[in-house]
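Engineer: no sequence on this one, just coordinates:
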Ligand code: SP5
Ligand code: ZN
């Protein structure tokens, strides 16, 4: 399988995130992508290619222009006020306040972010742009010959919505790629999100639309991040009614339970008749993941890949999302990709 990869991901290397009352080293770190790449090369999965540059136009198809401009200038505004230290928000534009965009960078961070775990650094803009380029280069290849492609995106994307960044995500790589498929000949696109966390950003972007189906398997948001979206009752709205499928599962989920949800997801996607599929793939469903509570093992990722390879029924772009057990990450990701490739 062809892999798309850019070294520019290293430009996103945040220092700390706020978790459980402590500032801890950011869990989403460059070693994640490095170890996946090393494993792909070690097993000879296939060619590894650098991305083309697409610029911001395809990003503006799913993200608000004012949000894109904010990310472009946020570091400079922050560094001018605070010096060269990661930018994290400390105030939020919650329900009982006005949704205004203040001119102060402090006010902007709280308007555009929804957590205190997604630092904006000197390299965030370039890393986030290159991660989208990695996804779009993969989409272009999939559209050209129908063969599966792996876009080794970093930073991840599925928590980023139209105009909010969070959950280590800035631009929604999978959503930009899905929209690109729509804009380049695919009438119907399905996004299947198998990251441990609900893909709230992707859901929000496509919630009112029937031309992009969103299906997500994830930990129950009643007890897990992102908490405020991802419940089974969210089925889409307006024209998008019935085109959003959430399959939340409890802490401790093992393969047998996960497989049932996967079968239901694949039945929905086949029934939909997608012309292209974007697989938002997080390996944080792994039993040793440091921030997650599912219990899949490394062989389960092979089983998952086999079922997906047989069941998706349309040309598939796999986009990397989360997965934080770095020691096993290369094996888990390559297990899924090898099986997916048949
Ligand atoms: C892309 C992706 O997987 N983003 C995940 C963002 C999760 N951020 C919240 C982390 C909260 C971790 N709390 C678990 C404590 C474990 N001791
Ligand atoms: Zn995740």
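Structural biologist: Cool, got the structure. The structure displayed is predicted, hence computed values, not measured ones. Ligands and ions are numbered 1, 2, ... in the order given.

Engineer: and the longest strand along the chain, what does it pack against?
Structural biologist: Longest strand of the chain, by residue count under DSSP state E: strand 212-219. Applying 3 or more CB pairs under 8 Å, 6 or more residues apart in numbering; DSSP states H and E, we find strand 212-219 packed against helix 173-183, strand 189-193, helix 200-206, strand 244-249, helix 255-272. In this view, the C-beta of every residue, glycine as well, is placed from N, C-alpha and C.

Engineer: mean neighbour count, distance to residue 294 and mean pLDDT added to these, as a markdown table?
Structural biologist: Output for the helices and strands packed on strand 212-219, formatted as a markdown table (neighbours: other CB atoms under 10 Å; distance: least, CB to CB, whole Å; pLDDT from 0 to 100):
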| stretch | mean neighbour count | distance to residue 294 | mean pLDDT |
| --- | --- | --- | --- |
| helix 173-183 | 27 | 20 | 99 |
| strand 189-193 | 29 | 14 | 99 |
| helix 200-206 | 27 | 18 | 99 |
| strand 244-249 | 21 | 7 | 99 |
| helix 255-272 | 16 | 7 | 98 |
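
Engineer: who touches the residue of the chain found nearest ligand 2 in this structure?
Structural biologist: Closest approach between the chain and ligand 2, counting by CB to the ion: residue 322, at 2.9 Å. By CB atoms under 8 Å, 6 or more residues apart in numbering, the contact set of residue 322 is 28, 156, 168, 195-197, 282-284.

Engineer: same question, residue 151
Structural biologist: Here residue 151 is in contact with 3-4, 134-135, 137-139, 173, 177, 317-320 (CB under 8 Å, 6+ apart).

Engineer: strands - which of these land there?
Structural biologist: Reading strands off those with DSSP E, I get 3-4, 317-320.

Engineer: which of the residues you listed are buried?
Structural biologist: By neighbour count, with 16 or more other CB atoms under 10 Å, the ones in strands among the contacts of residue 151 hold 3-4, 317-320 as buried.

Engineer: what's the distance between the spatially closest residue to residue 238 that is not a sequence neighbour and residue 239?
Structural biologist: In space, and not counting its chain neighbours, residue 238 is closest to residue 208: 4.7 Å by CB to CB, 6 or more residues apart in numbering. Per CB to CB, to the nearest Å, residue 208 is found 6 Å from residue 239.

Engineer: between the two, which one's more packed in?
Structural biologist: residue 208 (14 against 11; other CB atoms under 10 Å).

Engineer: what residues are up against the residue lying closest to residue 133 once chain neighbours are set aside?
Structural biologist: Nearest non-adjacent residue to residue 133, counting by CB to CB, 6+ apart: residue 51, 3.9 Å away. By CB under 8 Å, 6+ apart, the residues touching residue 51 are 4-6, 130, 133-134, 136-137.

Engineer: who wins for most neighbours among the residues you listed?
Structural biologist: Ranked by neighbour count (other CB under 10 Å), these have residue 134 at the top, with 30 neighbours.

Engineer: how close does residue 70 sit to ligand 1?
Structural biologist: Separation of residue 70 from ligand 1 (CB to the nearest ligand atom, to the nearest Å): 20 Å.

Engineer: and that residue, how many neighbours?
Structural biologist: Residue 70 has 20 nearby residues by other CB under 10 Å.

Engineer: once you drop chain neighbours, what's closest to it?
Structural biologist: That would be residue 112: by CB to CB, 6+ apart, it lies 5.5 Å from residue 70.

Engineer: all strands of the stretch 51-200 of the chain, in order?
Structural biologist: 149-151, 189-193 (DSSP state E, counting those that start in this stretch).
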